[in-house]
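Participant: Show me how the following folds:
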Amino acid sequence: MSRLLWQPGPEWIQKTHLTRFIQFVNDQYGTAFREYPELWEWSVTRIPDFWAAVWSFAGIIHSAPYSKVVDDPGRMPGTVWFEGARLNFAQNLLRYRDDLTALIFKSEARPSVRVTYAQLYDRVARLARSLKAAGVVQGDRVAGFMPNMIEAVAAMLAAASLGAIWSSSSPDFGIKGVLDRFGQIEPKVLFTADGYFYGGKAFGSLDKVRGIMREMKKTEKVVVVPYIQDRPDLSGLPEAVLWDDFISPEPAGEIDFVQVPFMHPLYIMYSSGTTGKPKCMVQSQGGILINQLKEHLLHVNTGRDDVIFYFTTCGWMMWNWLASGLASGATLLL
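Facilitator: Numbers count the residues shown, from 1 in each chain. All right, here's what the predicted structure looks like:
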C-alpha cells in the first residue's frame, strides 16, 4: 500500500461539518453513530430520514415546508421529492450579504477582480430587474456562452431568482456545438462575452454569436460582456446590447426571489454528444441545492474561511457545482 500523505488528527476531525452532522443525527433520531460507515449505512437504508436531516442541518431557506420527503425512493425516473416545499435556489446562494469576498476572477490576461457577497447581491438584484424588464418569466430559458467569469455567475443567479432555467456552454465551442445544445432549448436571452483568452492569445466570439443567432430565431436579446475589447463591435447583431447598457444602473434593493416547487427546473445540462446530438438533462432547483450543499458541507467541509478552486469551463457540470459553494459562504476562485 502507498504511504499515507496526510491524515486528519482528532482535533481537526471534531471541528468538521461531518462530525457535527453525525451528532445532529444522533440527537434527532436517537442513534449512536461514531464513525462514518455507520452514518453511510443509515443514509442509504433510511433515505427519507437522511435527506430530511440534510435539509435541516444545511438550513435550506424556504417559504413553504415540505409535506413528504419522497414518495417512492425506488422509482427512477419519476420520484417526487420534498412535495409541497417552495424555495428559490438563488436565494439560498445569496444568503450572505457581507464584505467577505464571494468571487475572485483570475483572468489569463487581465488583473484579478474580486466582488464581496454584498456586491454580488446588488449585481444580481440589478441584473434580475433588467431580465424581468426584458420579459423573462418563470420557466423561460436563459443561456450563457462565456468564460468562467463573475458575470456568468451573476447572470445564472439572476435568472434563477426569477424562476427561469439556466444553461451554459464554453466559448471555445464551435457554432454547431452551441446550436446542438442551445438550439434545443430556445433561450429567450443569451449572455456572451466578446471573446476569451487562451495560451496568451485572444479569441473573438462575436462572429460565432452571429452565426448562432442566425439559427436561434426565438432569442430576443444578446447581452455582451466586453472582455477582450473595451468597446466590441456589435454590428450584425441587432439583438445585442453591452452588459453595462443592459444591467440596471441603480441599486435594486431586495431581490424578489420567485418561490418555486422543489422540483422546478433550474439547469439544463448536456451529455457529451459522442453518440449523436447532446442529450438535455434537466436538474431541479431543490435537487441541485440540497445535493450540492450535502457535498460542499459533508464531503468537502467548506465554510466561510475557505477558498474553493475547481478548474472548469461553463460547459461542464463542475461549473454548476463550483457555483453552489456560495451557499456555504465560501470564496470561489473562477
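
Participant: residues of whichever helix in the chain runs longest that come out buried?
Facilitator: In the chain, with assignment by DSSP state H, the single longest helix is helix 117-133. Buried positions in helix 117-133, judged by neighbour count with 16 or more other CB atoms under 10 Å: 117, 119-132. Just so you know, the C-beta spots here come from the backbone N, C-alpha and C atoms, and that holds for glycine as well.

Participant: helices or strands next to it in the packing?
Facilitator: In terms of contacts (3 or more CB pairs under 8 Å, 6 or more residues apart in numbering; DSSP states H and E), helix 117-133 is packed against strand 101-105, helix 150-161.

Participant: okay, the angle between that helix and helix 150-161?
Facilitator: 60 degrees (axes from the mean of the first three to the mean of the last three CA atoms, to 10 degrees).

Participant: So which residues lie in contact with helix 117-133, not counting its own?
Facilitator: Applying CB atoms under 8 Å, 6 or more residues apart in numbering, the contact partners of helix 117-133 are 90, 94, 96-103, 115, 142, 150, 153-155, 157-159, 161-162, 164, 189, 246-256, 326, 329.

Participant: Give me the buried entries from these.
Facilitator: The neighbour count (16+ other CB under 10 Å) marks 90, 94, 96, 101-103, 115, 142, 150, 153-155, 157-159, 161-162, 164, 189, 246-248, 252, 255, 326, 329 as buried among the contacts of helix 117-133.

Participant: next SSE after the lowest-mean-pLDDT helix or strand in the chain?
Facilitator: Of all helical and strand segments in the chain, the minimum by mean pLDDT, DSSP states H and E falls on helix 10-14, at a mean of 93. Per DSSP states H and E, the first helix or strand lying C-terminal to helix 10-14 is helix 17-29.

Participant: got the contact list for the helix or strand just after that following helix?
Facilitator: Using DSSP H and E, the next helix or strand after helix 17-29 towards the C-terminus is helix 36-45. With contacts defined as CB under 8 Å, 6+ apart, helix 36-45 is touched by Leu18, Phe21, Ile22, Val25, Thr31, Phe33, Asp49, Phe50.

Participant: at 7 Å instead, please
Facilitator: If you take CB atoms under 7 Å, 6 or more residues apart in numbering as the criterion, helix 36-45 is touched by Ile22, Val25, Thr31, Phe33, Phe50.

Participant: Please convert those residues to CSV, extending it with distance to Met146, pLDDT and neighbour count.
Facilitator: Conversion of the contacts of helix 36-45 to CSV gives the following (distance: CB to CB, whole Å; pLDDT from 0 to 100; neighbours: other CB atoms under 10 Å):
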residue, distance to Met146, pLDDT, neighbour count
Ile22, 41, 98, 21
Val25, 41, 98, 22
Thr31, 46, 97, 15
Phe33, 44, 97, 17
Phe50, 37, 98, 19
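
Participant: quick one: which of the residues you listed is nearest Trp319?
Facilitator: Comparing the contacts of helix 36-45 against Trp319 with CB to CB picks out Phe50 as the nearest, at 27.1 Å.

Participant: Now do the contacts for that closest one.
Facilitator: Trp42, Ser43.

Participant: CA-only coordinates of whichever strand or helix holds it in PDB, if you can.
Facilitator: Using DSSP H and E, Phe50 sits in helix 47-58. Provided in PDB are the C-alpha atoms of helix 47-58 (Å, rounded to 0.1, in the frame of the first residue of the first chain):
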ATOM      1  CA  ILE A  47     -33.300   7.600   2.800                       C
ATOM      2  CA  PRO A  48     -36.200   9.900   3.800                       C
ATOM      3  CA  ASP A  49     -34.700  10.400   7.300                       C
ATOM      4  CA  PHE A  50     -31.200  11.200   5.800                       C
ATOM      5  CA  TRP A  51     -32.500  13.800   3.400                       C
ATOM      6  CA  ALA A  52     -34.700  15.400   6.000                       C
ATOM      7  CA  ALA A  53     -31.600  15.700   8.200                       C
ATOM      8  CA  VAL A  54     -29.600  17.300   5.400                       C
ATOM      9  CA  TRP A  55     -32.500  19.700   4.800                       C
ATOM     10  CA  SER A  56     -32.500  20.800   8.400                       C
ATOM     11  CA  PHE A  57     -28.700  20.700   9.000                       C
ATOM     12  CA  ALA A  58     -28.000  22.800   5.900                       C
END
